[in-house]
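> After the sequence you'll find the predicted model.
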Amino acid sequence: MSVTPILLVGAGALGSSILKGFRRSGHISPSDVMILDLKPQGEAQSYGADGAQLNPTPEVWARAKTIIVAVKPQSWRDMAKMLAGKLDPEAVLISVMAGVRTKDLAEVFAPVKVARVMPTTGVATGKGVASIYAADASALEAARFVFEPIAATATLSDEGLIDAATAVSGSGPAYVYAFARSLEKAALSVNLTPADARTLARATLISAARLLDETGEEPDDLIRKVASPGGTTEAGLKVLCADGGLDDLIKATVEAAFKRSQELG
Ligand SMILES: NC(=O)c1ccc[n+]([C@@H]2O[C@H](COP(=O)([O-])OP(=O)(O)OC[C@H]3O[C@@H](n4cnc5c(N)ncnc54)[C@H](OP(=O)(O)O)[C@@H]3O)[C@@H](O)[C@H]2O)c1
């Protein structure tokens, strides 16, 4: 199966993150990429300088084997008017747009096969998170080929689960940033200087995440290694987790995001 050349439609926040991820992983080279964007900037421009084709003619982009659609959901029908009927019938279209169903895309782009991916902008670091859904095997294979080198992936068995994945990993980075903000504020309340509060809160989060990643250990095991009986961590955790406190708060957070994702879809 050939996935290149790849046509990226929309090189905004997420499209540019995907390009940065390709650059880091090296599994897709700039010369295998074409970019359509209304005002290409930053990463799209530097891809252009490295051999990608920026806003090529329809005769050129029509040769794409994989099309990644990364425009805002409200722009997709305009974008479809430009592309539909002109794509290679053997191509796969990967939509990263929130809330746009594969059924609607397939109706417009048939016989092109469709996959949906919900990535985080962390793909820019080569260590993003992406949920993938495709009813068609070749579309699934193409989506995995593109995203597995730049993200931890989950292949969903049902498109409806995209809303659940959005609530967990799509919105998830913001929950973690909110935790960092709270830890920093709490550090100030125990008299650390603003500079120290900032350093300690952020570095704690990053080093804990690294250990979780690198050791592969369960959170409970890592907690046990930090919290000795009767010690300071145990005293803190008793407040954080008392009466299901943190569990209940995170559950309610994810459920609210899940509901909103369903409403927007
Ligand atoms: N950002 C995230 O964290 C994230 C995460 C998961 C999924 N998504 C999804 O990814 C998609 C893009 O989000 P984003 O945050 O990257 O939005 P964005 O920054 O607004 O990027 C969209 C880009 O597409 C361009 N564009 C619009 N219509 C076009 C067309 N017809 N042809 C070519 N280019 C066109 C826009 O140009 P102009 O700016 O000139 O209009 C812009 O550069 C959305 O559907 C969103 O649901 C985003």
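The structure has been received and is ready for your questions.
> residue contacts, the residue in the stretch 101-250 of the chain that the ligand sits nearest to?
Of all residues in the stretch 101-250 of the chain, the one sitting closest to the ligand is residue 121 (4.5 Å; CB to the nearest ligand atom). (Glycine included, C-beta is placed from N, CA and C.) Contacts for residue 121 were tallied using CB atoms under 8 Å, 6 or more residues apart in numbering; they are 13, 14, 17, 128, 173.
> Just give the closest residue to the first one, not the sequence neighbours.
Spelled out, that is residue 13. Using CB to CB, 6 or more residues apart in numbering and skipping the chain neighbours, the partner closest in space to residue 13 is residue 121 (6.2 Å).
> follow-up on the earlier one: so what does the residue of the stretch 101-250 of the chain closest to the ligand look like in phi/psi?
Note on residue 121: backbone dihedrals following degrees, to the nearest 10 are phi -70, psi -10.
> Begin at 10, not 1, for the rest of this chat.
That works, and once the first residue is 10, the last one we named lands at residue 130.
> and which of the contacts of residue 130 is nearest to residue 155?
The closest of the contacts of residue 130 to residue 155 turns out to be residue 137 (CB to CB; 11.8 Å).
> Do I have it right that that closest one meets residue 129?
Yes: contact status for residue 137 versus residue 129: in contact at 4.7 Å, counting by CB atoms under 8 Å.
> tell me, what's touching these two both at once?
With CB under 8 Å, 6+ apart as the test, residue 137 and residue 129 both reach residue 160.
> hang on, residue 141 is in a helix, isn't it?
No: Residue 141 is assigned strand when assessed by DSSP: H, G, I helix; E, B strand; the rest coil, not a helix.
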